[in-house]
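Chemist: Please work out how this folds:
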Amino acid sequence: MISIIKTGLITAIFLTISLTLFAKGPHDFYQIKIFHCKTDSQLKQVNDYLENEYLPVLHRFNIKDIGVFEPIGNDTASNKMIYVLIPFTSEEEWLKIDENLLKDITYATAAKDFLSAPADEAPYVRMESILLEAFSGQEKLLLPTTKDTGRVFELRSYESPTENLLAKKMAMFNKDEINIFNRLGFNPVFYGRVVSGSHMPNLMYMPIFKSVEERNAQWKVFGNDAKWKEISADPENENKVSVSHIDSILMHSTSYSDY
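Modeler: Just a heads-up that it's a prediction; the model follows:
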């Protein structure tokens, strides 16, 4: 009986927290595609495909504000990656995208060599796909007003030990952390809960900086911020255990990225 009551309380707490996490009105969903390449030739093939076939067809479907990024130091890395961030206005729009691509003759014709490449001449080693739902604290993309391929986009992923602890971390973001980031000028493009991916449960977000040096300085300011110290020390947030692993990838946008 005690265990049943305890389980019920945990479930009730999780549901109460969850009600504050998800946007109630129209909000974005995001797909992050990650292409893994071994050679410079593969990297060029993927970039050419994205620039000349994939982004143009998405634009024809009225999907705008697509970000394409390469990690800093990508050219000398053994695993060369390209990240594509695609915003969707709903789950339905995301679900229909592959069906719409198959029907688009212009795209199928232009991308034929890339899509039909033989196994021994594959244009990439592997491709990942991550689906995210926007936080209630920021329901849409917030993009820079000008384009600058020198600026630094930091893609951050926070993994949690359990879904309940992820919900607590998301609540912490929606209540306070987003406000702190905005006040300190981190200018995040998006915040999202991973709906489908290989490192769940987790969340991801992407702040922007003018340079790596500014990025490092800004995180020091954040770490010393009085409000951050207050909420991170609050036992209610369980901040020390709500995040079990953090990945941070510093990237530049490509010349053909929408921003």
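Chemist: Tell me which helix or strand comes right after the least confident helix or strand in the chain by mean pLDDT.
Modeler: Every helix and strand in the chain was compared by mean pLDDT, DSSP states H and E; the lowest is helix 2-18, with a mean of 46. Using DSSP states H and E, the helix or strand that follows helix 2-18 in sequence is strand 29-37.
Chemist: and Val221, how far is that from Lys227?
Modeler: 12 Å (CB to CB, to the nearest Å). C-beta: built from backbone N, CA, C; applies to glycine.
Chemist: what do you get for Met251?
Modeler: 28 Å.
Chemist: What's the first helix or strand after the helix or strand harbouring Phe153?
Modeler: Taking DSSP H and E as the definition, Phe153 sits inside strand 152-159. Downstream of strand 152-159, the next assigned helix or strand under DSSP H and E is helix 163-172.
Chemist: Just want the angle from that following helix to strand 152-159.
Modeler: Using axes from the mean of the first three to the mean of the last three CA atoms, to 10 degrees, the inter-axis angle of helix 163-172 relative to strand 152-159 is 140 degrees.
Chemist: Buried ones in helix 163-172, by neighbour count?
Modeler: By 16 or more other CB atoms under 10 Å, the buried positions in helix 163-172 come out as Asn164, Leu165, Leu166, Ala167, Lys168, Lys169, Met170, Ala171, Met172.
Chemist: for stretch 59-68, same thing?
Modeler: Buried, per 16+ other CB under 10 Å, within stretch 59-68: Ile63, Ile66, Gly67, Val68.
Chemist: tell me the average confidence for it?
Modeler: Averaging pLDDT along stretch 59-68 gives 97.
Chemist: which residues touch it?
Modeler: The contact list for stretch 59-68 (CB atoms under 8 Å, 6 or more residues apart in numbering) reads 50, 55, 58, 82-88, 93, 97, 100, 104, 106, 141, 143, 153, 189, 253-254, 256-259.
Chemist: Check stretch 36-47 too.
Modeler: With CB under 8 Å, 6+ apart as the criterion, stretch 36-47 contacts 35, 74-75, 78-82, 114, 117, 122-128, 254, 256.
Chemist: residues of that stretch that come out buried?
Modeler: Cys37, Gln42, Leu43, Gln45, Val46, Asn47.
Chemist: and the last one, that one's in a helix?
Modeler: Yes: Asn47: assigned to a helix according to DSSP: H, G, I helix; E, B strand; the rest coil.
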